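>>> what's the 3D shape of this:
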Amino acid sequence: MPESPKPLVPGAHEHPSLALVDSVEGGAPGRSSDALSTPEGATAWLAEHDLIAPEAVLYEHCQRRLVGLREDLRDLFTAHVTGDSPSPEALDAVNRALTSAPGALLLRFDPTVRFSRSVDHPATQVVEHAMAVIAEDAASLLTGSEEPSLAACEAPSCQWFFLRTHARRQWCSTRCGDRVRAARAYARKRAQRGGPVR
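Prediction:
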């Protein structure tokens with residue numbers, strides 16, 4: 001029976017950088033999932049997070065760039081959580097994303113919706129704009145008031161990051177917490193029966 005989709009973790013709705021880093025889920029072979037595994041998936045993910053217009057089309061090159069940004073942000077978030085130094089390459093890549101797109105959205109007018117702002121560029125510029133927004137969010141998250149709340153899920157099989165809603169929170173979701181507690185209970189029962197703990 002397939003597992004239900006992982007719930008949105010605390011902070012991912014407000015922070016596209018956190019949602020991007022959490023857009024891949026590890027697991028046993030054949031059980032991992034990656035929302036950005038195809039250009040269509042990357043397009044859908046960006047549209048779902050209101051970073052591009054729903055009718056936009058991304059190509060493989062753009063999808064690879066977005067996946068690259070995800071890995072660079074993972075490096076920065078991991079360095080933050082562990083207290084290590086991030087790789088200079090990841091830091092450079094995020095800074096390039098911050099400065100690669102014009103900062104302003106274009107002003108549009110439509111009689112039915114009135115004034116609106118949107119990106120109206122070729123696909124490469126569309127993804128550059130989305131990446132700049134995500135990189136700006138990551139920079140703000142790593143340096144702003146929510147920085148102390150950024151944490152990595154402590155469930156062994158989880159690679160996700162989240163914002164702690166209280167100081168003792170260890171897991172990104174109830175699902176991860178339930179898995180860890182169930183594994184601990186199973187290990188205790190095996191130990192009580194004298195069997196090997198796997």
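>>> The protein: strands as residue ranges?
24-25, 33-34, 106-110, 114-118, 150-152, 161-163 (DSSP state E).
>>> From the chain's centroid, how far away is the second one?
Once both centres are worked out by Cα atoms, centre = their mean, to the nearest Å, strand 33-34 turns out to sit 12 Å from its chain's centre.
>>> Counting by contacts, list what the worst-scoring helix or strand of the chain on mean pLDDT packs against.
The weakest-scoring helix or strand in the chain, judged by mean pLDDT, DSSP states H and E, is helix 174-193 (a mean of 73). With contacts taken as 3 or more Cβ pairs under 8 Å, 6 or more residues apart in numbering; DSSP states H and E, helix 174-193 sits against no other helix or strand. Where C-beta positions appear, they are placed from N, C-alpha and C, glycine not excepted.
>>> Using CSV, list the CA coordinates for that helix.
Output in CSV follows, covering the C-alpha atoms of helix 174-193 (Å, rounded to 0.1, in the frame of the first residue of the first chain):
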residue,chain,number,x,y,z
THR,A,174,3.6,13.8,13.2
ARG,A,175,4.3,11.0,10.6
CYS,A,176,8.1,11.1,11.3
GLY,A,177,7.5,11.3,15.0
ASP,A,178,5.2,8.3,14.9
ARG,A,179,7.7,6.3,12.9
VAL,A,180,10.5,7.0,15.4
ARG,A,181,8.3,6.1,18.4
ALA,A,182,7.1,2.9,16.7
ALA,A,183,10.7,1.9,15.9
ARG,A,184,11.7,2.5,19.6
ALA,A,185,8.7,0.5,20.9
TYR,A,186,9.5,-2.3,18.5
ALA,A,187,13.2,-2.3,19.6
ARG,A,188,12.1,-2.4,23.3
LYS,A,189,9.8,-5.4,22.6
ARG,A,190,12.6,-7.3,20.7
ALA,A,191,15.0,-6.6,23.5
GLN,A,192,12.6,-7.8,26.1
ARG,A,193,12.0,-11.1,24.2
